[in-house]
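Enquirer: Task: produce atomic coordinates for the following.
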Amino acid sequence: MVKIRLKRLGYKKNPTYRIVVIDSREKRQGAPIEELGHYNPKTKEMKLNKVSAENWIKKGAKVSETVTYLIKNCDENGALVYNKKSEQKLSRKALAKLEEQKKQEAEAAQASESADTSKE
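Expert: Numbers count the residues shown, from 1 in each chain. The predicted structure is shown next:
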């Protein structure tokens, strides 16, 4: 069975990967059938031959979970489109304060609605 997966390169604690098409019985560092691109997780830099990858998928190659993510999140040129999360994690105190503000705003909105209805 043919798979599209990552081949690890780089030295200790500084990995870089090649995206390769390889026989599933080969070792991780074995000789690939074709190299489709490379990926550096530290700098979020990637170059991928997306057309070739899609052709291999059509031929029946199984794709690893990580490579599936990389293929979905790359543009036509094969560069990774990395979207940073806009949502920030807040501390318990900050969450409590935010909930308190929402309650006060809701109460103020209800009070203004009841004042509007009583005027009519």
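
Enquirer: per-residue confidence at Lys97?
Expert: In the predicted model, Lys97 carries a pLDDT score of 92.

Enquirer: Same check on Leu9?
Expert: 92.

Enquirer: Could you check how far Val20 is from Gly60?
Expert: Noted for Val20: a distance of 16 Å to Gly60, by Cβ to Cβ, to the nearest Å. All C-beta atoms are positioned from the backbone trio N, CA, C, and that covers glycine.

Enquirer: and what of Thr16?
Expert: 28 Å.

Enquirer: The two: who's more crowded?
Expert: Comparing Thr16 with Gly60 by neighbour count (other Cβ atoms under 10 Å), the higher total belongs to Thr16, at 17 against 8.

Enquirer: Who is that one paired with across the strands?
Expert: Leu9 (DSSP bridges).

Enquirer: mind listing what it touches?
Expert: Contact analysis of Thr16 by Cβ atoms under 8 Å, 6 or more residues apart in numbering lists Arg8, Leu9, Gly10, His38, Tyr39, Asn40, Pro41.

Enquirer: mind redoing it with 7 Å?
Expert: When contacts are counted by Cβ atoms under 7 Å, 6 or more residues apart in numbering, Thr16 touches Leu9, Gly10, His38, Asn40.

Enquirer: okay, among these, which ones form the most distant pair?
Expert: Greatest spacing in the contacts of Thr16, by Cβ to Cβ: Gly10 and His38 (10.5 Å).

Enquirer: Tell me which of these two has more neighbours.
Expert: His38 (18 against 12).
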